[in-house]
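Asker: Curious how this folds, go ahead:
(one chain, ligands or ions: 2)
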Amino acid sequence: MKSNNRVRIFDTTLRDGEQALRRSLSKDEKLQLAKAIAKLNVDVMEVGFPASSPGDFASVELIAKEIQGPTICALARAVPEDVIACGEALKPAQHKRIHIFIATSPIHLEKKLNINLQAATDKAVEAISIAKEYTDDIEFGCEDATRTPPEDLCYIIEKAIAAGATTVNLADTVGYTTPKEFHQLLSHIKANVSNIDQAILSVHCHNDLGLAVANSAESLLAGVRQIECTVNGIGERAGNCALEEITMLLSARKDLFGLYTNIKTELIKPTSELVSSVARMPVQLNKAVVGGNAFAHSSGIHQDGVIKSSITYEIFHPEQVGISKNELYFTARSGRKAIAHFLTQTGCPCEDQEINNIYNQFLQLADKKGQVYWYDLTSLYYKNKVNLCDKRYSLVSAITKCASERAISVNLVLQNNQKLQSFESDSTNLIEALQNLKITNEAIIIRDLSLEFAPENFIYNAKLSITLNNKPIYGEGYDEDPNIAIIKSYISILNIINMLNQIREHQHSLQSA
Ligand SMILES: CC(=O)SCCNC(=O)CCNC(=O)[C@H](O)C(C)(C)COP(=O)(O)OP(=O)(O)OC[C@H]1O[C@@H](n2cnc3c(N)ncnc32)[C@H](O)[C@@H]1OP(=O)(O)O
Ligand SMILES: CC(C)C(=O)C(=O)O
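Answerer: Ligands and ions are numbered 1, 2, ... in the order given. Okay, here's the model as predicted:
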């Protein structure tokens, strides 16, 4: 493809993204994220604001030293000290860029900077001339460009390019513009700035009205060739254009845009997870491309379509963004096809009549439980095949005692198959004490525990999850006493394991018969 079709991805996760965090990132955290973002193969990464603090100066300097490949960029106000701080911090970088910005809108000029457009232009030109002592790669940015009269933008941009700016960035700082309006503004700038061909046009869109990706995408149709964006769309207030969304839009709609990026899209999901965990910003389930539901289907009509051909409801393959496969969830909205498909895939093929029976029982269970798990389906299947004897544990009594602040002992009496059995253990906490009871041969390691109190019923709801043979198992228990609620949810896990063992034994007996 011609290079004019290449869109440069300018990642600002470590600068604008970091501005959205409740706690700033340490030098090591920034370096860890910088390494992952560089592996994504972004063209430019803006990694901080060196004049902001000695710590951020040191982070930018460290990244400039350690990261090879992408251009390392740092941000400065149109203030000499800021530009010098960028130049100094970026010294070790293989490829470096200084990004100088100043607000251009009447609102910002009058109410914030208290200067006029000419004074802002003079400051920008002076700052650019200082930056030129450090690098030829200079980005000039108009903050709040989308609330600036077009002729004012043309004036300051022309001067900035003449002073040496090689990239010009138009920021929709408060996420105010719309795609059509933005296209018109960018076309006006292209048509009216005499030296515009000497710079790459860039945009930096915020998501206050949910239009950051749409506005960035439309800007490309107006001739923009650099998009500023962040992983997971994190950034001031409602965030920035999401890197993963704009990248996958260009990939999925090559027919419309005819443009490409150099992003290694298969690294998108792991990078998103890393950013989310280091930044402590959870990704919402329904987030495009990287959300937990982006490739999950739970309604019957969709599941049927996806089973027949994934392109019915998926516009690109999950593997393209580093997600191993799509997922089907089972709820009362699921249909027969999904149930039959799951059972067949797990070695439990059914005849039509059988699936009808299982499906009716499934619906009753789904209405009761909300979500039906894989082991529920396997159990329904075998319950329809054979009358498995129900070897269930039930709780007869439970005593928990705190021997000291740091020791708890548990004594359980359980009934199983008419027999009473007593189990005892102690530890520093209830979960460990339960794990030490050794009621089954399986090593049960609890992964998660949630405990909620329902004040309307004065009752605790405990939810535990474990992993057994790489599959999750969820248990649930209710009680007025939080410890007993946890014990009951643990017993519900024992009963699921018991049921799975019975199914396995039954399968063996069928095979050897
Ligand atoms: C839209 C954006 O995301 S812009 C980038 C936002 N990022 C940051 O703010 C980075 C973190 N900021 C900081 O560490 C600090 O605010 C600093 C170091 C930049 C400045 O700190 P201080 O000197 O204490 O100033 P303070 O933050 O209180 O006020 C900002 C000053 O910068 C001025 N200013 C703001 N933008 C610009 C600009 N682009 N060019 C020149 N001056 C500017 C303001 O008018 C104000 O000046 P004043 O004191 O004369 O009124
Ligand atoms: C510094 C600029 C690019 C910015 O972050 C904004 O205007 O939102």
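Asker: contacts and neighbour counts: CA atoms only from here.
Answerer: OK.
Asker: Quick one: find the helix or strand in the chain with the lowest mean pLDDT.
Answerer: Least confident helix or strand of the chain, by mean pLDDT, DSSP states H and E, is helix 374-385 with a mean of 82.
Asker: Give me the number of neighbouring residues for residue 312.
Answerer: As a burial measure, residue 312 scores 13 neighbours (other Cα atoms under 10 Å).
Asker: now the lengthiest strand in the chain: mean pLDDT?
Answerer: The residue-count maximum for a strand in the chain (DSSP state E) belongs to strand 393-404. On average, the pLDDT along strand 393-404 is 88.
Asker: By residue count, tell me the biggest helix in the protein.
Answerer: For the chain, the helix that runs over the most residues, judged by DSSP state H, is helix 482-512.
Asker: Could I get the full set of strands for the stretch 251-400 of the chain?
Answerer: With strands called from DSSP state E, counting those that start in this stretch, the stretch 251-400 of the chain shows them at 296-297, 327-328, 393-404.
Asker: partner strands of the very next helix or strand once past the last one, parallel or antiparallel?
Answerer: In this case it means strand 393-404. Counting by DSSP states H and E, the next helix or strand C-terminal to strand 393-404 is strand 407-416. Sheet pairing for strand 407-416, assigned by DSSP bridges, gives strand 393-404 (antiparallel), strand 419-427 (antiparallel).
Asker: in strand 407-416, what counts as buried?
Answerer: By 16 or more other Cα atoms under 10 Å, the buried positions in strand 407-416 come out as 408-415.
Asker: Repeat that for stretch 377-386.
Answerer: Quick answer for stretch 377-386 (16+ other Cα under 10 Å): 377-382.
Asker: Only alpha carbons, please: show that stretch as CSV.
Answerer: C-alpha atoms of stretch 377-386 as CSV (Å, rounded to 0.1, in the frame of the first residue of the first chain):
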residue,chain,number,x,y,z
LEU,A,377,-25.6,-28.9,31.6
THR,A,378,-23.5,-32.0,31.9
SER,A,379,-25.5,-33.0,35.0
LEU,A,380,-28.8,-32.5,33.2
TYR,A,381,-27.6,-34.6,30.4
TYR,A,382,-26.6,-37.5,32.6
LYS,A,383,-29.7,-37.2,34.8
ASN,A,384,-31.6,-37.8,31.6
LYS,A,385,-29.5,-40.8,30.7
VAL,A,386,-29.4,-42.5,34.1
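Asker: how about residue 154, secondary structure?
Answerer: Under DSSP: H, G, I helix; E, B strand; the rest coil, residue 154 falls in the helix class.
Asker: let's number from 32 now, not from 1
Answerer: Shifting the count to begin at 32 puts that one at residue 185.
Asker: burial measure for it, as a count.
Answerer: Residue 185 has 19 neighbours, counted by other Cα under 10 Å.
Asker: can you check residue 141 too?
Answerer: Residue 141 has 13 nearby residues by other Cα under 10 Å.
Asker: do residue 187 as well
Answerer: Residue 187 sits with 22 neighbouring residues when counted by other Cα under 10 Å.
Asker: try the one 3 residues further on
Answerer: Residues within reach of residue 190, counting by other Cα under 10 Å, total 17.
Asker: That one and residue 156 touch, don't they?
Answerer: Yes: with contact defined as Cα atoms under 8 Å, residue 190 reaches residue 156; the gap is 7.0 Å.
Asker: In CSV, could you pull the C-alpha coordinates for stretch 51-69?
Answerer: Provided in CSV are the C-alpha atoms of stretch 51-69 (Å, rounded to 0.1, in the frame of the first residue of the first chain):
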residue,chain,number,x,y,z
ALA,A,51,-7.2,10.3,34.3
LEU,A,52,-5.8,8.1,37.2
ARG,A,53,-6.6,8.8,40.8
ARG,A,54,-2.9,8.0,41.5
SER,A,55,0.0,8.8,39.2
LEU,A,56,2.1,5.9,37.9
SER,A,57,5.6,5.2,39.3
LYS,A,58,8.7,5.2,37.0
ASP,A,59,8.7,1.3,37.0
GLU,A,60,5.0,1.1,36.2
LYS,A,61,5.4,3.6,33.3
LEU,A,62,8.3,1.6,31.9
GLN,A,63,6.4,-1.7,32.2
LEU,A,64,3.5,-0.1,30.2
ALA,A,65,5.9,1.6,27.8
LYS,A,66,7.4,-1.8,26.9
ALA,A,67,4.0,-3.3,26.2
ILE,A,68,2.8,-0.3,24.1
ALA,A,69,6.1,-0.3,22.1
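Asker: Centre of the chain to it, how far?
Answerer: Centroid displacement of stretch 51-69 relative to its chain, using Cα atoms, centre = their mean, to the nearest Å, is 15 Å.
Asker: Check stretch 254-272 too.
Answerer: With Cα atoms, centre = their mean, you get 14 Å for stretch 254-272.
Asker: Any buried residues in that stretch, and which?
Answerer: Using 16+ other Cα under 10 Å as the test for burial, stretch 254-272 gives 254-267, 269-272.
Asker: Stretch 362-370 too?
Answerer: For stretch 362-370, a neighbour-count test (16+ other Cα under 10 Å) marks 362-363, 365-370 as buried.
Asker: try stretch 179-189
Answerer: For stretch 179-189, the neighbour count (16+ other Cα under 10 Å) marks 179, 181, 183-189 as buried.
Asker: what do you get for stretch 39-51?
Answerer: Going by neighbour count (16+ other Cα under 10 Å), the buried part of stretch 39-51 is 39-51.
Asker: coming back round to it: can you redo the buried residues of strand 438-447 as a markdown table with distance to residue 65 and pLDDT?
Answerer: Shown next, in a markdown table, are those (distance: Cα to Cα, whole Å; pLDDT from 0 to 100):
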| residue | distance to residue 65 | pLDDT |
| --- | --- | --- |
| 439 | 45 | 90 |
| 440 | 47 | 91 |
| 441 | 48 | 93 |
| 442 | 51 | 93 |
| 443 | 51 | 94 |
| 444 | 54 | 95 |
| 445 | 54 | 94 |
| 446 | 56 | 92 |
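Asker: between the buried residues of stretch 39-51, which is nearest ligand 1?
Answerer: Closest to ligand 1 out of the buried residues of stretch 39-51 is residue 47 (6.0 Å), distances taken as Cα to the nearest ligand atom.
Asker: What mean pLDDT does stretch 466-476 get?
Answerer: Stretch 466-476 shows a mean pLDDT of 86.
Asker: from the middle of its chain, how far away would it be?
Answerer: Mean-position distance between stretch 466-476 and its chain equals 34 Å (Cα atoms, centre = their mean).
Asker: try stretch 78-91
Answerer: Relative to the centre of its chain, stretch 78-91 is centred 26 Å away, using Cα atoms, centre = their mean.
Asker: what's the answer for stretch 212-227, then?
Answerer: Here stretch 212-227 is found 34 Å from its chain centre; the criterion is Cα atoms, centre = their mean.
Asker: by how many degrees do the longest strand of the chain and helix 513-543 diverge?
Answerer: Strand 424-435 runs at 140 degrees relative to helix 513-543, counting by axes from the mean of the first three to the mean of the last three Cα atoms, to 10 degrees.
Asker: Right, I'll leave it there.
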